[in-house]
Each structure stands twice: as C-alpha cells, then as structure tokens.
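A.B. asks: Give me a model of this one.
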Amino acid sequence: MSKVPTTVITGFLGAGKTTLVRHLLRNADGRRIALIINEFGDVGVDSELVKGCNDEACPEDDIVELANGCICCTVADDFLPTMMKLLDRPNPPEHIIIETSGLALPKPLVKAFQWPDIRTRATVDGVIALIDADAVAAGRFATDEAALTAARLADPNLDHDSPLEELFEEQLGCADMVVLNKTDLLDPEALARVEGLVGAETRPGVKIIHADHGAVDIAALLGITAAAEDDLDSRKSHIDGLDEGHDHDDFDSFVVTGGEVVDLDGLTGRLETLIHVHDILRIKGMVAVAGKPSRLIVQAVGPRIQHFYDRAWKLEEPRRTQLVVIGQKGLDRAAIEAGLGSVLGTLAA
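C.D. replies: Residues are numbered from 1 along each chain as shown. Below you'll find the predicted structure:
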C-alpha cells in the first residue's frame, strides 16, 4: 500500500494559513482531502472558517480540530490518535493537510511520522512555511537581528525577550517550500529585501514562491514528495537534543462573544484603536451583521484589518459574533472586552 501524503502548513500568527487552506480546498481538483486544524486558544474559529469550502473534496466529517494545546507539544495525546483514526477509515483520505497554530514548531510534528503505526501508512509530503511578507518588511517578525534590536530599543513598550524571531527561524528551517504571502503590498525593493531575509534562514534548495491572498497553485504545494520524516537531520532546530517541548506562556488568547453588530464601521474603528493601544498581534473570527444574511469574516494582523462575507448563516446556527484576540503575555482582557462591548450586540437568549 502506498503511504498517504501529508502536507504540514506552518506560519506565524496572521500569515494567512486559513486563507491558504480555503484556497486549496476550493481547488482540490478531485482529491479527497482530510484536514487537521490546530487552533490557538480554547474556542475553534479556524475550523468554522473552512467548513463548506468544498464538501465534495473535504466534507465536515473530515475536518478535525485539535484545540487542547499546540500540536507540537501534544503529539502523543492528540495528533497520533487523530492520524490513526483517519488512516483506519474504510476509505482513508488521499491527502491530509495539517494547519498548525501560529506558535507551532514543525520539527516535533514531522518527527511524529516516525512513530511505527504511522510510518508505514503516512509520510510528510512537504512542510510549507507561509510568511507574511508585509510584516517581515516592516520588521515585526524580521530575522535581521540588528534591525530588530534597533526597533526594540526605539520602543520601550516592546518585550525585549520575545521568542518571535526564534519561532520564525524554526518554521523556515524546517520548510520544504516557503510561500511569501501578501506580496501585493510590497514594492520590488522591499520584496527583494524580504526574500533575502527569508532565504538566509532556509535550507539549500528550498524554493520561495509569491502569493496574494494565499492563492497558490495546488500542484505546487501538494506532491513535493519530500518524505521529511526521513530528513530530520538537515532541519536544524533550537530544541535539538531537548526532550521537553517549548513554552507558550509568553502569549495570551481569549474569545469575545456578542450578538449582531449594527455599526460595522464603528466595529472596525474600535478594533483599530484597541489593536494600537494594547499591541494586539491578531484578531480573527466571525461577525453577525444586522440585516445581512451572510456571516462576516474578520481578519486583523497588527494594524491591518480585512473583512469579507463568506457564506449564509445556517438555519440551525445562532447569529452571533465570535472574535479571538491573541497577543503577548499581559493583555488587558477586561479593557479589551469593555472596548468592544459598546459595538457588539447582545447575544440573544
């Protein structure tokens, strides 16, 4: 029997992983795909964003959410049993896609494919590192240590011991392909600079491709045949030789819930203010807009806020707003919830 190819999609908070996965499902070209989503936080939002994208290629029963912690730290408890259930199905998927959380280290996950019950039945077809090119160009998650140090010294509010750049290096160092997303926001000079920064952290021979809104040819991402689990030594990591996982206590996340929003401009304006005041890294979720039959998807990365209507609300699901807020340790949850309270409607009983 041939092994089921598995693609691991990693990338920092807000890089566009869910958007990329939605694109892949909509352009599956007849493939039967199963999706494992590792959420950041306790409430699943990413899985809701991809359900219904292409039920023929990936029905809801083939979308599995792992929300008990970062997948790289819960391999034995969560990931391995999930993989076994997918592989044990009478009609297993033709391809498995794993969307990791924004803080996941890919190497421990790849190493899990050496597990005896998995090794003979599945293989890591490729590790895809999705990079927010605009954020890197702005220096927020840059690997240029000198530039990052200068920026931190200029802003006393930044955490000078942040692990962000280390996570960035981990994801690039394990990648078989790098996708620079949001390249439409950069001029040629800035894009060339980002390519240089990213290329310095990748292994020899790793291709770097460009994307706008996660639109990448599915044939370029699936079918790499890297067998990454057999190539661990070339994928250097900061945790090599360590038995323990890595610490996520530097980050906070919580969910703000409300009812229908009457003033959409008021909501986006309030989000802009809160992001600036509290240095929020990421806001994502679904908004119920009064008078609109479809749910509104909101994606905020730093100061950039995007939103679009994706599908009609189902009859059986409540019209409610759910926004996941992610930031570094010390987020003032009460202040953020209070700031959103006046623009979020009351949830119906």
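A.B. asks: CA only for contacts and neighbour counts going forward, please
C.D. replies: OK.
A.B. asks: can you give me the strands for the protein?
C.D. replies: 4-11, 33-38, 63-66, 95-99, 122-132, 177-181, 207-210, 251-258, 260-261, 282-289, 294-301, 304-312, 321-328 (DSSP state E).
A.B. asks: how about those in JSON lines, adding distance to residue 139 and mean pLDDT?
C.D. replies: Shown next, in JSON lines, are those (distance: least, C-alpha to C-alpha, whole Å; pLDDT from 0 to 100):
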{"stretch": "strand 4-11", "distance to residue 139": "16", "mean pLDDT": "92"}
{"stretch": "strand 33-38", "distance to residue 139": "27", "mean pLDDT": "86"}
{"stretch": "strand 63-66", "distance to residue 139": "31", "mean pLDDT": "72"}
{"stretch": "strand 95-99", "distance to residue 139": "25", "mean pLDDT": "91"}
{"stretch": "strand 122-132", "distance to residue 139": "11", "mean pLDDT": "93"}
{"stretch": "strand 177-181", "distance to residue 139": "15", "mean pLDDT": "92"}
{"stretch": "strand 207-210", "distance to residue 139": "19", "mean pLDDT": "90"}
{"stretch": "strand 251-258", "distance to residue 139": "19", "mean pLDDT": "81"}
{"stretch": "strand 260-261", "distance to residue 139": "34", "mean pLDDT": "90"}
{"stretch": "strand 282-289", "distance to residue 139": "16", "mean pLDDT": "86"}
{"stretch": "strand 294-301", "distance to residue 139": "14", "mean pLDDT": "84"}
{"stretch": "strand 304-312", "distance to residue 139": "15", "mean pLDDT": "84"}
{"stretch": "strand 321-328", "distance to residue 139": "17", "mean pLDDT": "83"}
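A.B. asks: now those strands as TSV including distance to residue 273 and mean neighbour count?
C.D. replies: TSV is the format used below for the strands of the chain (distance: least, C-alpha to C-alpha, whole Å; neighbours: other C-alpha atoms under 10 Å):
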stretch	distance to residue 273	mean neighbour count
strand 4-11	26	25
strand 33-38	29	24
strand 63-66	32	19
strand 95-99	30	23
strand 122-132	22	26
strand 177-181	25	25
strand 207-210	31	16
strand 251-258	16	18
strand 260-261	17	21
strand 282-289	13	24
strand 294-301	12	20
strand 304-312	11	13
strand 321-328	14	22
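A.B. asks: Can I get the ones you listed in CSV including distance to residue 22?
C.D. replies: Below are these laid out as CSV (distance: least, C-alpha to C-alpha, whole Å):
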stretch, distance to residue 22
strand 4-11, 12
strand 33-38, 11
strand 63-66, 12
strand 95-99, 11
strand 122-132, 14
strand 177-181, 14
strand 207-210, 17
strand 251-258, 22
strand 260-261, 25
strand 282-289, 15
strand 294-301, 13
strand 304-312, 11
strand 321-328, 19
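A.B. asks: Next one: residue 260 from residue 293, what distance?
C.D. replies: For residue 260, the distance to residue 293 equals 11 Å [C-alpha to C-alpha, to the nearest Å].
A.B. asks: now do residue 175
C.D. replies: 40 Å.
A.B. asks: do the same with residue 282
C.D. replies: Distance of residue 282 to residue 293, given as C-alpha to C-alpha: 26 Å.
A.B. asks: And for residue 222?
C.D. replies: Residue 222 is 35 Å from residue 293, where distance means C-alpha to C-alpha.
A.B. asks: How much space separates the nearest residue to residue 223 once chain neighbours are set aside from residue 97?
C.D. replies: The spatial neighbour of residue 223 that comes closest, neighbours along the chain excluded (C-alpha to C-alpha, 6 or more residues apart in numbering), is residue 125 at 6.4 Å. Remark: distance between residue 125 and residue 97 (C-alpha to C-alpha) = 10 Å.
A.B. asks: Need the residues touching each of these two.
C.D. replies: The contact sets of residue 125 and residue 97 overlap at 6-7 (C-alpha atoms under 8 Å, 6 or more residues apart in numbering).
A.B. asks: what bits of the stretch 51-200 of the chain have low per-residue confidence?
C.D. replies: Flagging of the stretch 51-200 of the chain using pLDDT under 70 yields the residue ranges 51-62, 66-77, 141-164.
A.B. asks: which stretches of it form helices?
C.D. replies: If DSSP state H, counting those that start in this stretch is used as the criterion, the helices of the stretch 51-200 of the chain fall at 80-87, 106-111, 116-119, 133-137, 145-154, 164-173, 188-199.
A.B. asks: Neighbours of residue 235, how many?
C.D. replies: 19 (other C-alpha atoms under 10 Å).
A.B. asks: give me every residue that touches it.
C.D. replies: By C-alpha under 8 Å, 6+ apart, the neighbours of residue 235 are 107, 173-174, 203.
A.B. asks: So the spatially most central residue of the chain versus residue 215, what's the distance?
C.D. replies: Nearest to the mean C-alpha position of the chain, counting by C-alpha atoms, centre = their mean, stands residue 17 at 4.3 Å. As judged by C-alpha to C-alpha, residue 17 and residue 215 stand 11 Å apart.
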